[in-house]
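J.: Quick one: sequence and predicted model below, then my questions.
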Amino acid sequence: MTVGPAVILHTNAPAVAMKLLRETHPGLSVYPCDSYAGLAALIEQTKAEIVYSVRFDGTARFPRSALLESPTVKWVSVGGSGTDHLGPWDPEKVTVTNAAGVAADMMAEYALGAMLSFSLGLRNFARHQRARTWITGAVEPIQGKTLLLLGLGRTGQALARRAKALGLTTLGVRAHPRATADVDEVHGIESLPGLWGRADFITCCVPLLEATRGLIGAAAFAAMKPSAVLIDVSRGGVVDEAALVAALDGGRIKG
């Protein structure tokens, strides 16, 4: 006997989630879909009301209309944090939720790992190891450096905690500035021109909105220290990629 609404798991590898749902909710009608092309037909066939969806084959091909124009889909549960590939939608017709913060600790550890990789020169050590050559020279501690956090959501706050434990000065930027644990200074986005040049490390963890699209562009790179390192864990589109490549090729930032 089945109970509740029909649910579609729209991911490139739905088997694990299918197994979990069948164990925890044995009466639920759950259907897998591992392609973009097959989603519309499966929604029509099952009359699904709920679709858990992960963007796994790019934004341009994402079957947005299959989800938002369906007469049966009432809830789209996005498996990641970004929902820019779905907007705009009619909230009277469909509810869209995301999983913001579910990977915050892992993202923070990734960003911290990138900072340590640059300061310790780990890639240079690896090159010499492969070549079986001795290397001399000092490594650079991150203690005492300054970290600029663009975005103080769950990922930004998780990174701020780790950064303070390692002795960094933390500068934060958020849409509505307010005192935030482990952040020494919190500023609004309008303060960025005066903050770029203070940072040794810059982490970008903001959502993709009209206000953040192209936020880190040529002017930002020109204002950064030549020794600055940018770590981007945000949506594509926040960093101007052409400006980033030009800054790297021109040696205007370290990495």
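T.: Okay, I see it.
J.: now the helices for this protein?
T.: For the chain, the helices identified by DSSP state H occupy 15-24, 39-46, 64-68, 104-120, 122-131, 154-165, 192-195, 218-223, 241-249, in order along the chain.
J.: which other residues reach the last one?
T.: Meaning helix 241-249. Residues lying outside helix 241-249 but in contact with it, judged by C-beta atoms under 8 Å, 6 or more residues apart in numbering, are Ile216, Gly217, Ala218, Ala220, Phe221, Met224, Leu230, Arg252, Ile253, Gly255. No exception for glycine: its C-beta is placed from N, CA and C like everyone else's.
J.: Reformat the residues you listed into TSV and put neighbour count, distance to Gly151 and pLDDT next to each item.
T.: Compiled in TSV, these are given as follows (neighbours: other C-beta atoms under 10 Å; distance: C-beta to C-beta, whole Å; pLDDT from 0 to 100):
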residue	neighbour count	distance to Gly151	pLDDT
Ile216	25	12	96
Gly217	17	17	96
Ala218	15	21	96
Ala220	23	15	97
Phe221	21	18	97
Met224	23	17	97
Leu230	23	13	98
Arg252	17	23	95
Ile253	19	19	97
Gly255	12	20	96
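J.: re earlier: out of the helices of the chain, deepest packed?
T.: Mean neighbour count, computed with mean count of other C-beta atoms under 10 Å, is highest for helix 154-165 among the helices of the chain, reaching a mean of 21.
J.: Turn the contacts of helix 241-249 into TSV, columns for distance to Cys205.
T.: As requested, those are exported to TSV (distance: C-beta to C-beta, whole Å):
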residue	distance to Cys205
Ile216	12
Gly217	17
Ala218	21
Ala220	16
Phe221	18
Met224	17
Leu230	12
Arg252	22
Ile253	18
Gly255	18
